[in-house]
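Novice: the sequence and its predicted three-dimensional model are supplied below.
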Amino acid sequence: MSATTAILGKFESVSYKKIAMHLIDLSHTIEHGLITYKGLPAPIICDFLSREKSRDFYEEGTEFQIGKIEMVGNSGNYIDCPFHRFADGKDLSEVALDKFADLDALVITHDYLKNGLAIDKQVFQNLHLQGKAVLVHTNWCQKWNTDAYYENHPHLTKDAAEYLVQQKVKLVGIDSYNIDSTTTNQRPVHSILLKNEILIVEHLTNLNQLPSDTFKFSAVPPKIKGMGTFPVRAFARIVD
């Protein structure tokens, strides 16, 4: 018996367990006219080249559409990199891919009706957080695309941000309007997390569909130079 035959026979004798995997979309849909952040312009989505106009240049049966979008980086679900806050911080093109994709993650639920809008460090204590994406589920996403979404929203406190830095988390996400309180002009949570190269994802949704842990989180933006914020298609990968 040849060495090749022996190896093939060995592989054939291995019993493989089928792994069931499914993905959960944690993103809102970006559409023409959507206001994500009050005071910022809505996206303009239109044709650069319509299917009808393409017929003037191409053979019959090869029509197509080239779309055009004009929008600020803070549209839909977006990720903040250090450059968003700090001029010398890493922009979207400089952050390593493993900071965005397939991160070990966990969900922490905060009932703002019972416990208030401010999410302090006590919510995160006594949990294994190191190296993980920490997603904060407040259910504020139910107010998405309404006037109520922009006011008096759940947010992290400065103490919570400092604790998350101490715990060496990789990313912090929230299903709220802003990870900081917007009742003042200060943004301590952004400053503390981004200074320590901890990425931020805001405006998540569907966090109620996730297990508390044992899943992977991804929120990958395009590789763009000179920008610190951009929309992402955020999702969870769950393996049963």
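Specialist: Nice, I can see it. Residues are numbered from 1 along each chain as shown.
Novice: would you map the strands across the protein?
Specialist: Defined through DSSP state E, the strands belonging to the chain, from first to last, are 21-25, 44-49, 66-70, 78-80, 103-109, 118-119, 133-137, 155-156, 171-174, 199-202, 215-218, 229-231, 235-239.
Novice: between the ones you listed, which gets nearest to residue 185?
Specialist: When the strands of the chain are compared by CB to CB, strand 155-156 sits nearest residue 185, at 14.1 Å. For glycine as for every other residue, the C-beta is placed from the backbone atoms N, C-alpha and C.
Novice: and that closest one, how far out from the chain's middle?
Specialist: Between the centre of strand 155-156 and the centre of its chain there are 16 Å (CA atoms, centre = their mean, to the nearest Å).
Novice: what is that strand packed up against?
Specialist: Packed against strand 155-156 by the contact rule (3 or more CB pairs under 8 Å, 6 or more residues apart in numbering; DSSP states H and E) you find strand 118-119, strand 171-174.
Novice: any idea of the mean pLDDT in the last one?
Specialist: Mean pLDDT, taken over the full extent of strand 171-174, equals 98.
Novice: contacts for that strand next, please.
Specialist: Identification of contacts with strand 171-174 by CB atoms under 8 Å, 6 or more residues apart in numbering yields 99, 103, 133-136, 138, 154-156, 164, 179, 193, 198-202, 204, 217, 219, 234.
Novice: for the closest residue to residue 72 other than its chain neighbours, what are its contacts?
Specialist: Once its chain neighbours are removed from consideration, residue 72 has its nearest residue in residue 40; the separation is 5.2 Å (CB to CB, 6 or more residues apart in numbering). Going by CB under 8 Å, 6+ apart, residue 40 touches 72, 74-75.
Novice: most neighbours, which of these?
Specialist: Counting neighbours by other CB atoms under 10 Å, residue 75 leads the contacts of residue 40 with 22 neighbours.
Novice: contacts only, for that residue.
Specialist: By CB under 8 Å, 6+ apart, residue 75 lies in contact with 30, 34, 36, 40, 43, 231.
Novice: out of the residues you listed, who's nearest residue 81?
Specialist: Sorting the contacts of residue 75 by how near they are to residue 81, with CB to CB, puts residue 231 at the top with 13.0 Å.
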